[in-house]
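Any chance you can model this:
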Amino acid sequence: SGDLSAFCDQQGKHLTYHSQVDNVISSINSSRYYRLQVSETMNLDSTDLDEFYRFFRISGMTHCSGGVGAWEIGQTLAGAGGSSENLNLDPESNVLMAMVRCVEEGVAPDTVLGTKFVNDTVDEGVQFARKHCRYLSRNVYNRVKDPNQKESWSYECRV
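Got it, this is the predicted structure:
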């Protein structure tokens, strides 16, 4: 159902992400749900939806983890080298901690920082990092520098 009114009325917070190269579930499904189910059913634009529902498209991530992009967003122990003792608890780069901060402090994320480790191995170091924007915004490669550098990317709002 696209009617999340009861959830919204209870001050619920919904944060979701979808892999953009998901090999199991089409990445179109989540944006379709956002636009055609929730937005249209509730007659709310993205600004109004942002109050309780944030959706992030994670470029280069396959189903839930892995891939060629900056896919590590705190959703696995991979970014902690497989150890819960080394967990990244920064809400800027850990999607779970972003949700906790949103619920407990009322600070909803506009971006989630993703990391790509060399050979997907923490011990080999960071290959690159990239911000993933809340929908309808997106990150855009400026085609002027090395795509692995943060300054090679800008963020723009799409309607």
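
gap between V140 and T121?
The spacing between V140 and T121, counted by C-beta to C-beta, to the nearest Å, is 29 Å. Just so you know, the C-beta spots here come from the backbone N, C-alpha and C atoms, and that holds for glycine as well.

By residue count, which helix of this structure is the longest?
Counting by DSSP state H, the longest helix found in the chain is helix 95-105.

Which stretches in this structure count as helices?
Going by DSSP H, the chain shows helices at 5-9, 28-32, 40-42, 46-49, 95-105.

Kindly reformat those helices as CSV containing mean neighbour count and mean pLDDT.
Output for the helices of the chain, formatted as CSV (neighbours: other C-beta atoms under 10 Å; pLDDT from 0 to 100):
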stretch, mean neighbour count, mean pLDDT
helix 5-9, 12, 95
helix 28-32, 14, 92
helix 40-42, 13, 96
helix 46-49, 16, 92
helix 95-105, 16, 92
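
export those helices to TSV and tack on distance to L77?
Formatted as TSV, those follow (distance: least, C-beta to C-beta, whole Å):
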stretch	distance to L77
helix 5-9	29
helix 28-32	24
helix 40-42	36
helix 46-49	31
helix 95-105	12
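
Of those, which is nearest N148?
N148 lies closest, by C-beta to C-beta, to one member of the helices of the chain: helix 95-105, at 21.8 Å.

Run the chain-centre distance for the closest one.
Relative to its parent chain, helix 95-105 has a centroid offset of 13 Å by C-alpha atoms, centre = their mean, to the nearest Å.

Just give the nearest non-adjacent residue to the residue sitting nearest the centre point of the chain, would you?
Central residue of the chain (C-alpha atoms, centre = their mean): F56, 3.5 Å from the mean position. Distances taken as C-beta to C-beta, 6 or more residues apart in numbering place Y17 nearest to F56, at 4.2 Å, with adjacent residues excluded.

So for the lowest-mean-pLDDT helix or strand in the chain, what gets flagged as buried?
Least confident helix or strand of the chain, by mean pLDDT, DSSP states H and E, is strand 153-157 with a mean of 73. For strand 153-157, a neighbour-count test (16 or more other C-beta atoms under 10 Å) marks W153 as buried.
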